[in-house]
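Asks: quick one, what's the 3D model for this:
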Amino acid sequence: MSEFLVIGGSRYFGRHLITLLRDAGHAVTVLNRGSTAPPPGVAHLAADRDDEHALRAALGARGFDAVVDQVCYTPHQAEVARRVFAGGRTGRYVMTSTMEVYDPATFAAPRAQAPAGGMAEGALDPSRPLPAAAGGAAARYAGDKRRAEAVFLREPALPYVSVRSAHVLGGGAQDFTGRLAHYVERVGAGLPVDVHGAPYGTSFIHHLEIARFLAWAAEGTFTGPVNAASHGPLSVTGLTGAVGERLGRAPRHRVVADGGQASPFSFDRAYALDNGRAVRLGFPFGHTGDWLPGAIDEIRPPR
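Replies: Numbers count the residues shown, from 1 in each chain. Next comes the predicted model:
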């Protein structure tokens, strides 16, 4: 039996990750600020993970076979985790990262086209500085995730995995982002969806699939960054088409002016994910077209 620590992750797909690890026979401990209780059969520690002293006090002398950090958003949080978990406390550290680290808008020379097959892990050097012009909440989020990844890449004493997740969908009311609900509501009401004139495809993953992926990554032996995305990228018009087909209504689109605010998942630049590394390592991804109809049904109004 392995000892696993999950930092954060008490809601949405994180809760499913915890139950997967527990049901696989692992001893699982959840660490958060104490606001959310873990599932039955899972130990609980309360601490502010930003506070190194409090984190060390909560952990005591405990060690873990793997740590899955669901809430490492900044380089400061990464530095705290690196200092606490390096040096033998854990055999493996898995950070939940994001595909947003590949966003060309945060590179010094943005590119309109991603490589054929999508962005592979080697396309990004997380330590590369962000351009001074990159601003806004999305760019700050991507930049902080990249700098957090760079902290662990500089620490050879800590076996490290960065799971660069595609956009997560599914789960009905559990999906607190409301992004898929945005499309279901607008298409269902016959309202236009704001899109770019030539939107690019992006990558998605089902909430249960990303939970399975994180559990698989925690149990594995590989290290380094790895992309997690279902097969079958979709543009925003492909997504609205799937919603419209499920609701029996043709979607309406309204093109935004250059620089205008489009709907979630409408992108004027390309950075869909290449999931080839994970496939070669043995993870069996599903296809977006297989699970998306069910995800739409979970939030569509009753007929």
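Asks: please report how far the most centrally placed residue in the chain lies from residue 16.
Replies: The C-alpha lying nearest the average C-alpha coordinate of the chain belongs to residue 165 (C-alpha atoms, centre = their mean; 3.5 Å). Using C-beta to C-beta, to the nearest Å, residue 165 is found at 14 Å from residue 16. To be clear about C-beta, it is placed using only N, CA and C from the backbone, and glycine gets the same treatment.
Asks: just the pLDDT for the residue nearest to residue 165 when sequence neighbours are not counted.
Replies: Spatially, and ignoring its direct neighbours in sequence, residue 165 is nearest to residue 228 (4.9 Å; C-beta to C-beta, 6 or more residues apart in numbering). Listed pLDDT for residue 228 reads 98.
Asks: verify the stated contact: residue 228 with residue 276.
Replies: No: between residue 228 and residue 276 there is no contact under C-beta atoms under 8 Å: 11.9 Å.
Asks: hmm, back to that, list the contacts of the residue nearest to residue 165.
Replies: 163-166, 205, 209-210, 213, 273, 275, 278, 283 (C-beta atoms under 8 Å, 6 or more residues apart in numbering).
Asks: hmm, 10 Å instead?
Replies: 96-99, 163-166, 168, 203, 205, 209-210, 212-214, 216-217, 273, 275, 277-278, 283, 285 (C-beta atoms under 10 Å, 6 or more residues apart in numbering).
Asks: separation between it and residue 62?
Replies: For residue 228, the distance to residue 62 (C-beta to C-beta) stands at 28 Å.
Asks: ok, residue 254 next?
Replies: The value you get for residue 254 to residue 62, if C-beta to C-beta is used, is 54 Å.
Asks: check residue 273 too.
Replies: 35 Å.
Asks: who's more crowded, these two?
Replies: Shown here are residue 273 and residue 62; by other C-beta atoms under 10 Å, residue 273 has more neighbours (27 against 13).
Asks: what is the neighbour count of residue 182?
Replies: 15.
Asks: let me see the mean pLDDT of the helix or strand containing it.
Replies: Assigned by DSSP states H and E, residue 182 falls within helix 179-188. Per-residue pLDDT values across helix 179-188 average out to 96.
Asks: that one - contacts with which helices or strands?
Replies: Applying 3 or more C-beta pairs under 10 Å, 6 or more residues apart in numbering; DSSP states H and E, we find helix 179-188 packed against strand 167-169, strand 192-195, helix 236-247, helix 288-299.
Asks: Three-state assignment for the residue lying closest to residue 160 once chain neighbours are set aside, please.
Replies: Spatial nearest neighbour of residue 160, chain neighbours left out: residue 152 (4.2 Å); criterion: C-beta to C-beta, 6+ apart. Secondary structure, DSSP: H, G, I helix; E, B strand; the rest coil: residue 152 is helix.
Asks: after the worst-scoring helix or strand of the chain on mean pLDDT, next one along is what?
Replies: Ranked by mean pLDDT, DSSP states H and E, the weakest helix or strand in the chain is helix 136-153, scoring a mean of 89. Moving toward the C-terminus from helix 136-153, the next helix or strand (DSSP H and E) is strand 160-165.
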